[in-house]
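Enquirer: Kindly generate the corresponding structure for this input.
(2 chains)
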Protein chains: 2
Amino acid sequence: MYRNRTCGELRIADVNKEVTLSGWVHKIRKMGGMTFVDLRDRYGVTQLSFNQEKNQELCEQANRLGREWVIQVTGKVEERSSKNPNIPTGEIEIAVTAIVVLNAAQTPPFTIETETDGGDDLRMKYRYLDLRRNVVRKNLELRHKMAFEVRKYLDERDFLEVETPVLIGSTPEGARDFIVPSRMNPGEFYALPQSPQLFKQLLMVSGFDRYFQIVKCFRDEDLRADRQPEFTQIDCEMSFVQQEDVLNMFEGLTKHLFKTLKGIDLPDFPRMSYADAMRQYGSDKPDIRFEMKFVEIKDLTTDRGFGVFDSSEYVGAICAQGSASYTRKQLDELTDFVKRPQIGAKGLIYVRYNEDGSLKSSVDKFYSESDLKAWAERCNAKPGDLILVLSGETEKTQKQLSELRLEMGSRLGLRDKNNYKCLWVVDFPLLEKDEELNRFFAKHHPFTSPKPEDIALLDSDPGAVRANAYDLVINGVEVGGGSIRIHDSALQQKMFSVLGFTEERAQEQFGFLMNAFKYGAPPHGGIAFGLDRLVSIFAGLDSIRDCIAFPKNNSGRDVMIDAPSRIEQEQLDELGLVIVNREK
Amino acid sequence: MYRNRTCGELRIADVNKEVTLSGWVHKIRKMGGMTFVDLRDRYGVTQLSFNQEKNQELCEQANRLGREWVIQVTGKVEERSSKNPNIPTGEIEIAVTAIVVLNAAQTPPFTIETETDGGDDLRMKYRYLDLRRNVVRKNLELRHKMAFEVRKYLDERDFLEVETPVLIGSTPEGARDFIVPSRMNPGEFYALPQSPQLFKQLLMVSGFDRYFQIVKCFRDEDLRADRQPEFTQIDCEMSFVQQEDVLNMFEGLTKHLFKTLKGIDLPDFPRMSYADAMRQYGSDKPDIRFEMKFVEIKDLTTDRGFGVFDSSEYVGAICAQGSASYTRKQLDELTDFVKRPQIGAKGLIYVRYNEDGSLKSSVDKFYSESDLKAWAERCNAKPGDLILVLSGETEKTQKQLSELRLEMGSRLGLRDKNNYKCLWVVDFPLLEKDEELNRFFAKHHPFTSPKPEDIALLDSDPGAVRANAYDLVINGVEVGGGSIRIHDSALQQKMFSVLGFTEERAQEQFGFLMNAFKYGAPPHGGIAFGLDRLVSIFAGLDSIRDCIAFPKNNSGRDVMIDAPSRIEQEQLDELGLVIVNREK
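Expert: Got it, this is the predicted structure:
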């Protein structure tokens, strides 16, 4: 028996008990004739004490211990003379009577503390040591709890978790698949699933009624901070439901998670149409922790000789409260910000609504104070506020203004990580036009249902058709999305024809699911949440990497195990594959 | 709203309520002026009634419905005149006032009933229809429940579920890996994990203390009824534990599953050493639902002129109670059984212990009745019993006798699927000798710990060293296995040297984990259960396929989605791969 207690559980009530603990040597301190060792395990830290006078040999043994050694100790729980109110075990210590070194340790390459001196590369190479840090492990504990609570909530509501295959077929549409050569079927390949979409719809055809799965999905795309080649989805589907049923079910799930994991009671989630989101926030995932909605002022700006605005399709303003005192330097920073290539604005116009009621802008040459006053009024600005204006082509400018809005929100401290605002964005467009190819594409996927009242528009104005599709947005991050699917085959045919599919092509690409639909498909719809993102938001992380035990870097490499790697020639031979040099 | 009730919930207490149901048309019957439709969903079947006299149009609409159509009906709950006590909704029916056809259906290629007329191939091709069958869906419901209960049990005991990567590195040892070409790292490959062994040990080094994961694993091996290229493991690891701790924890889990899923209270599991299992049952996974242990009778058989026994290393008998009346034909069948190539015995000797006390054998030429009496006494046989004897090289003969024992157990009805006998097989040999290569291999893996009392034998008699390794066997099926791992690096070095590894080779193949161990590895051990097998046993299935939603066939194909398949040339080009024709 290595221990009868953990390092996190002893309290003042345990004084005088004989205990055995095991764990890692976290810290060693010598004070006078005493040596103190902080012993750490997953559950906490317990102070061990060694008295030079009482037991010199044992104390010297303690002095020889090194950081991160694994030891077992036996001793008596005693009240501490100098208590530590910051940790639950801070009132007691163990007067150790025996030490067993279970494993010595080399000095780790970085400190195992909340603030570590290990850079990202070192931390990833020694991820198993990085995971010893409380802050990192806490994220994975939260992830465990979240997955468990998701399952509990859904199980209580008759959802069945069904495992769908990981080795499936490759589909040419959508993101790039990871492929897996089949040894038993030479020249043929499996693909790893980008999502279990096909299978969950089939399970609805099978009458499973309510399905979910917490499942790994795969995309061979170039990587970013919030993208990994393998990621985890909470994938759900329901039969005999309309959009409202799905939203209610998963708003309930989200509230349940906030309540059980963070003790937060959330109010009902507002719903915003895609059109409103784009018009007011320039984004289909607006951060509604703060207002600062877009105000269109094009009509107030024309015919004053300012060509930039006159030639713009759109002139939009946001009002940053209390920022009239922004310095020239700060304004220049904002201008530089919107001019960054990834944002791409040409310039930034500002209006200071000074505390004294006067208005001062960067376009005073063209606009009188009463012009500016009219802008300010429409923006609902008050003395002390700063108005920022961008102009240009509508969609592009709204996106730029959205970035600027978020930047101002951050600068003004309006994006508190501990303030959670959830939002349903609904009524997404069904189709997206590729102007170059002059054809429509499905915004979600070709099985997404149009809104019944918009079906007539499929012929006359396809671009105006709204879908029964929805996203859950928390603090400006899209954490989930889904749709009601088409279950009527006539409508499905119509959809394919709008998408410009020949019957053959529709059959070739989607025949499989369409075939299944012929045998009695119920109305159904669903949603998928990104578990990595959801955990990140709950944990207040900037990157999803910190809630993944063994993440990959931006080149798709696991630097700890050094994968991917070369394989044996024999393995390639068995698969009938040859590697060719690629010229880039 | 498509429904306000399911097809499984209405009872006599609901009479007179107006309800809306949705589901599939399961059956249509006409009787007199009435039409009855059984409406089915996942939750049950509800009878709908249509009265030709009261509403001719509606009744005719019902008559036009086809099997497996998806419909929505509204009507009033009424007490049935002819009740069906076999189903929970059997006391009521719905007097329908409106039908909406949600989706028509083609006639399915086989009947959606407990006993279907669809053969295996057809069922797999139309798996989405096969899954509509209650018996098939029930298996997946059981699987869901089992996974949920496993998580609940482990969560309550501080286990953290941690997701480990699916895209890892390939290891040359062990079974064949599935590999995944990396586009971002040309010429390099990921592999799909055969188990998360490496990662779970690393998590112990990280101080996670108690880990589990219900996780997909992959092996590119030729397939059998109980093997799939992708399978699911309940993978567990604990720190600061000895073998006894692990066995107790997971015996508890197994009992919890039997209790909650089948209402069965199991007694404590017996433990049997590997040596005893081989000696008494000729198998490391004995079916202990029945005794029929092996009895060695070599010493009683020598020097009677029967060369077969005289030249045999081993002569072993089993006693089949009450089978003395076996006919010549039945005995011939048994002889044919043991002579089958996959068993490979040369012949079978029998002794009938007749009811009248006389003994009659197939070797009466060599053995007197008192010789046979001595055999019978050692076998603890009674009049009416049949003694079956095999002889030859010890290990081989024990395996043959094991097959014969199982066959006799089946014939005698001693292997009831609803009688569950669990067993821990312990003290496995640490090493296995490859006589041809004249070297030892790790029976489990090179990180498995030898029993402390046997460590001294590593030098003198490696083959005799027992491991801290264990298997959980239920009804003759190995459902789980694991070991205590080596955590002491000196012992690990020793182990590698016994295995004949040079230091370089050990470093090359296992350096990664050994490196991690240098930074303070706790004593640890674990176990992995095969979820597919566990569900199969609980559900009484002969093949694991029936508890997998979308299984693959023996060629590794998913015939429903037709995967694996050819991929686009562009995909191969991007990966820098060329397919070559293989000559077999």
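Enquirer: contacts and neighbour counts: CA atoms only from here.
Expert: Fine.
Enquirer: longest single helix anywhere in chain A?
Expert: For chain A, the helix that runs over the most residues, judged by DSSP state H, is helix A:134-156.
Enquirer: immediately after the longest strand anywhere in chain A, which helix or strand?
Expert: Across chain A, the longest stretch assigned as strand under DSSP state E is strand A:18-31. Downstream of strand A:18-31, the next assigned helix or strand under DSSP states H and E is strand A:34-41.
Enquirer: what's the strand or helix carrying A:Arg405 packed up against?
Expert: Using DSSP H and E, A:Arg405 maps to helix A:394-411. Judged by 3 or more C-alpha pairs under 8 Å, 6 or more residues apart in numbering or on different chains; DSSP states H and E, helix A:394-411 is in contact with helix A:274-281, strand A:314-320, helix A:328-339, strand A:386-392.
Enquirer: Not counting its own residues, what contacts that helix?
Expert: By C-alpha atoms under 8 Å, 6 or more residues apart in numbering or on different chains, the list of residues contacting helix A:394-411 from outside reads A:278-279, A:281-283, A:287, A:290, A:292, A:294, A:313-318, A:320, A:334, A:337-338, A:343-345, A:389-391, A:415.
Enquirer: how does it look with 6 Å?
Expert: A:Tyr281, A:Gly282, A:Glu313, A:Tyr314, A:Ile343, A:Ser391 (C-alpha atoms under 6 Å, 6 or more residues apart in numbering or on different chains).
Enquirer: who touches stretch A:106-113?
Expert: Here stretch A:106-113 makes contact (C-alpha under 6 Å, 6+ apart) with A:Asp117, A:Gly118, A:Arg133, B:Lys518, B:Tyr519.
Enquirer: Would you state the predicted confidence (pLDDT) at the closest residue to A:Pro196 other than its chain neighbours?
Expert: Leaving aside its chain neighbours, A:Pro196 sits nearest to A:Thr164 (6.7 Å; criterion: C-alpha to C-alpha, 6 or more residues apart in numbering or on different chains). Each residue has a pLDDT score; the one for A:Thr164 is 98.
Enquirer: Measure how buried A:Thr164 is and give me the count.
Expert: A:Thr164 has 21 neighbours, counted by other C-alpha atoms under 10 Å in any protein chain shown.
Enquirer: And A:Asn418, by the same measure?
Expert: Count around A:Asn418 with other C-alpha under 10 Å applied: 12.
Enquirer: what does the one 10 residues further on give?
Expert: Under the neighbour criterion other C-alpha under 10 Å, A:Phe428 is assigned a count of 23.
Enquirer: Then A:Asp265?
Expert: 12.
Enquirer: Is A:Lys373 in a helix, a strand, or coil?
Expert: helix (DSSP: H, G, I helix; E, B strand; the rest coil).
Enquirer: okay, now it: neighbour count?
Expert: Residues near A:Lys373, counting by other C-alpha under 10 Å: 19.
Enquirer: Now the phi/psi pair for the residue nearest to it when sequence neighbours are not counted, please.
Expert: Setting aside the residues directly before and after it, A:Lys373 is nearest to A:Leu359 in space (C-alpha to C-alpha, 6+ apart), at 7.2 Å. Main-chain dihedrals, A:Leu359, degrees, to the nearest 10: phi -120, psi 140.
Enquirer: before we move on, what about A:Ala539?
Expert: Here is the backbone geometry of A:Ala539 (degrees, to the nearest 10): phi -90, psi 0.
Enquirer: Report the separation between it and B:Gly305.
Expert: 81 Å (C-alpha to C-alpha, to the nearest Å).
Enquirer: Of these two, give the one with the bigger neighbour count.
Expert: More neighbours surround A:Ala539 than the other of A:Ala539 and B:Gly305, with 21 against 12 (other C-alpha under 10 Å).
Enquirer: ok, the more buried one to chain B distance?
Expert: 16 Å (C-alpha to the nearest C-alpha, to the nearest Å).
Enquirer: do A:His26 as well
Expert: With distances taken as C-alpha to the nearest C-alpha, A:His26 is found 11 Å from chain B.
Enquirer: What of A:Arg64?
Expert: In terms of C-alpha to the nearest C-alpha, A:Arg64 sits 15 Å off from chain B.
Enquirer: Please state the offset of stretch A:417-433 from the chain centre?
Expert: Computed by C-alpha atoms, centre = their mean, to the nearest Å, the chain-centroid distance of stretch A:417-433 equals 14 Å.
Enquirer: quick one: buried residues of it?
Expert: Neighbour-count burial for stretch A:417-433, counted by 16 or more other C-alpha atoms under 10 Å in any protein chain shown, picks out A:420-432.
Enquirer: now do the same end-to-end measure for that stretch.
Expert: 36 Å.
Enquirer: quick one: average confidence on that stretch?
Expert: 96.
Enquirer: Does chain B have contacts with the lowest-mean-pLDDT helix or strand in chain A?
Expert: Across the helices and strands of chain A, mean pLDDT, DSSP states H and E gives its lowest value to helix A:503-517, namely a mean of 82. No. If you take C-alpha under 6 Å from any C-alpha of the partner chain as the test, helix A:503-517 misses chain B, and the best it gets is 6.9 Å.
Enquirer: I appreciate the help and will end here.
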